[in-house]
Each structure stands twice: as structure tokens, then as C-alpha cells.
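Asker: one predicted model, sequence on top.
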Amino acid sequence: MAKTAEEAKAQAEATARARTVGAEQNAAVAGEEAFTLFAKALSQSSPTIRAKIAQQLKDAGIYRGKVSGEFNNRFYDALIEAEKRRAELATVIDVPDRYDFIESLADEGEGGDGGPSVTESLTLLTDDKAKALIDAVIQDQLGRKANAAEVARYTKLVRKAQKASPTVTTTQKVGGKTKVTTTGGFDAGQYLLDQVSGTDEGRANKVLGFYETFMRALGAD
């Protein structure tokens, strides 16, 4: 049966709409697949790379967790949020690849003034360094060398105290500038001095010269 001009036109428009919808659906599916591959690649990459991405997402105000090299739920949720923003922007302009896009979000500093980045770091004494410092402090305070039991005991104590007092670094963008503040940390030498001098033997052998001993233990002249 012959179609009128209007019917033919309506059918052509319907076909065109169907093709457009189909193309959009295919593009959406392809985008989801590409993001899944991107996320999977990150999950298999080095902790250093993930930590860098996490910091960028935190600078952008998207990631709220502790910056680390872990691939956890918070990190994955932040990746999804960044992907949503990239997809929205892609509807009006060409967007960079996902790595560059996340970096651009960090450069914009969306979380800058109101959302500082806070990281914690720990520095634990090595066995050799702990023994040298313990020997130095006991020699200074008690006039003798540390025995094996004292080295083991004080090493355990000082490391436990170090873990409880990490160095906290706060990075915040203020007025277009990056402000870095470092607080906390742990003075292992002073801690050992307090521990050793507080013993019965220490009180009975009270002597001076801790700071000179501490500097020698650190290798200073």
C-alpha cells in the first residue's frame, strides 16, 4: 500500500530517533565498560599511583577518606563521582582522559578553602638506631651499657609511643596558594631520657649531659 508524503516523513523521523537513541545507549554502555576497565586497572596498579589519585580526588573535594594506596569503597565511590562529572561535561565539550580529568579537578581545588588535606606519617626507629640511642641514654644516665633485656624493653616502648604520636601534615589552598602545616611527631631521645631517669637506678645516678649524648647518638659532631 502506497504511503502518503506525510506518513513517509513521519516514518523517517521515527527511524532517525530510534537510531539516535540506540547510539546514545551504545555510547553509555561503552562508557561504563571503559570506566570499569579504568577502575580495574587502578585496582591492579601500584599503591603509589593510587595514593596520588586519592590525593587528587581529595584536593578536588570528592574523596573524604584517609589518603593511602588502598583500593577501598571510599576510593571507588570517589572515582564514580569523578566519572559522573566527566560524563556531564562530555555532553557539551571534549573532555580529557580520566587521569587528566581527575588531575584537572584537583587543580581547580574544589575542596580547597573548606576542605584541607590531612595526612599522617610514622617514623619508627630501626633495631640498630634504637639500640644505639638506648645505649647512649643509659650510658649517660646510669654510667653503664644497656643490657639485652633493656634494649628489647625500651625498643618496644619507644615504638609504641611513636605509633601513638604520628606527624600530621595539613595541606590547604588559601587564596590561590598552598599552605602546608606540620605538627606532632615524637622525640624518641627525650622519651627514653624520661623513662631511664625515672627508674630507681636513674634517680640514684642523676647526671647531666643528655642533649650532648642525644646529638652523638644521631651522629652529630
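Answerer: Yep, it's here.
Asker: what helix or strand is Phe75 on?
Answerer: helix 73-90 (DSSP states H and E).
Asker: between helix 73-90 and the next helix or strand after that helix, find me the angle.
Answerer: Where DSSP H and E defines the elements, the next helix or strand beyond helix 73-90 is helix 98-108. Angle between the axes of helix 98-108 and helix 73-90 is 90 degrees (criterion: axes from the mean of the first three to the mean of the last three C-alpha atoms, to 10 degrees).
Asker: so Phe35 sits against Glu83, correct?
Answerer: Yes - applying C-beta atoms under 8 Å, one finds Phe35 in contact with Glu83, separated by 5.2 Å. No exception for glycine: its C-beta is placed from N, CA and C like everyone else's.
Asker: give me the common contacts of these two.
Answerer: Taking C-beta atoms under 8 Å, 6 or more residues apart in numbering as the contact criterion, the residues that touch both Phe35 and Glu83 are Arg98.
Asker: hang on, the earlier thing: which parts of the helix holding Phe75 are buried?
Answerer: Counting neighbours by 16 or more other C-beta atoms under 10 Å, one finds that the buried residues in helix 73-90 are Phe75, Ala78, Leu79, Glu81, Ala82, Glu83, Arg85, Arg86.
Asker: for that helix, enumerate the helices and strands it packs against.
Answerer: If contacts are counted by 3 or more C-beta pairs under 8 Å, 6 or more residues apart in numbering; DSSP states H and E, helix 73-90 sits against helix 5-43, helix 47-59, helix 98-108.
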